[in-house]
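Peer 1: Starting from these lines, generate the structure:
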Amino acid sequence: MASRRSRETAYGELLTALLDVRLDPATERFDAELDAAEADGRIDPATAKVLRWWQRESLRAMLEHTRSVVPPTLIALEKAAGRVDDEVEAASESWARVAGDDAPPAPPRHSRVPAPQDEEPAGDVTPPADLSEHRRRMLVAGLTRKPREQ
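Peer 2: Residues are numbered from 1 along each chain as shown. Sure thing, here's the model as predicted:
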């Protein structure tokens, strides 16, 4: 089984490859508009150069953030998914005790990716929070239904 570090590295390499082959028509449009503004005299060459630099730096920062955040997040999701069967088993046993049902619990009905075995964080990357303890907490705001208008 692959260690956490090797899986995180593999995710990072895959993500880097996907980001490297992306099309970027917005940057092409930005350059075209900036070139047109410079040609029309609406912006001077030095300002165009500075704007182009900071636009590229913004993209580099976003890509680096993505490369550093997504792989450990995927590992955390794998770990949480790896605990699902145990949690369902515990809930099934709990229900059986409450309901007085002596029947054995049903086996898991889905396959899952095994959780990585190596718990050591990679390099200076801070491992993500353990999501299994927060399974009932809403992780993404905005997914709730809006109240019905009356």
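Peer 1: So which bits of the helix ranked longest in the chain are buried?
Peer 2: Determined from DSSP state H, the single longest helix within the chain is helix 45-82. Across helix 45-82, burial judged by 16 or more other C-beta atoms under 10 Å covers 48, 52, 70-72, 74-76, 78-81. Any C-beta I mention is one placed from the backbone N, CA and C, and that applies to glycine too.
Peer 1: Now tabulate these in a markdown table and tack on pLDDT and distance to Thr9.
Peer 2: Listed next are the buried residues of helix 45-82 as a markdown table, based on pLDDT from 0 to 100; distance: C-beta to C-beta, whole Å:
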| residue | pLDDT | distance to Thr9 |
| --- | --- | --- |
| Ala48 | 97 | 39 |
| Arg52 | 97 | 33 |
| Val70 | 93 | 13 |
| Pro71 | 92 | 8 |
| Pro72 | 92 | 11 |
| Leu74 | 92 | 12 |
| Ile75 | 91 | 11 |
| Ala76 | 90 | 16 |
| Glu78 | 87 | 14 |
| Lys79 | 87 | 17 |
| Ala80 | 87 | 20 |
| Ala81 | 85 | 20 |
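Peer 1: about what we covered before: got the angle for the next helix or strand after the longest helix of the chain vs helix 45-82?
Peer 2: Toward the C-terminus, helix 45-82 is succeeded by helix 84-99 as the next helix or strand (DSSP states H and E). Interaxial angle of helix 84-99 relative to helix 45-82 (axes from the mean of the first three to the mean of the last three C-alpha atoms, to 10 degrees): 40 degrees.
Peer 1: what helices or strands is the longest helix of the chain leaning on?
Peer 2: Under the contact definition 3 or more C-beta pairs under 8 Å, 6 or more residues apart in numbering; DSSP states H and E, helix 45-82 sits against helix 4-20, helix 25-39.
Peer 1: just those helices: most buried one?
Peer 2: Burial of the helices and strands packed on helix 45-82 is given as mean neighbour count (mean count of other C-beta atoms under 10 Å); helix 4-20 ranks first at a mean of 15.
Peer 1: among the helices and strands packed on helix 45-82, which is nearest Ala90?
Peer 2: Checking the helices and strands packed on helix 45-82 against Ala90 by C-beta to C-beta gives helix 4-20 as the closest, at 24.5 Å.
Peer 1: Summarise which helices and strands that closest one is packed against.
Peer 2: Against helix 4-20 (3+ C-beta pairs under 8 Å, 6+ apart) you get helix 45-82.
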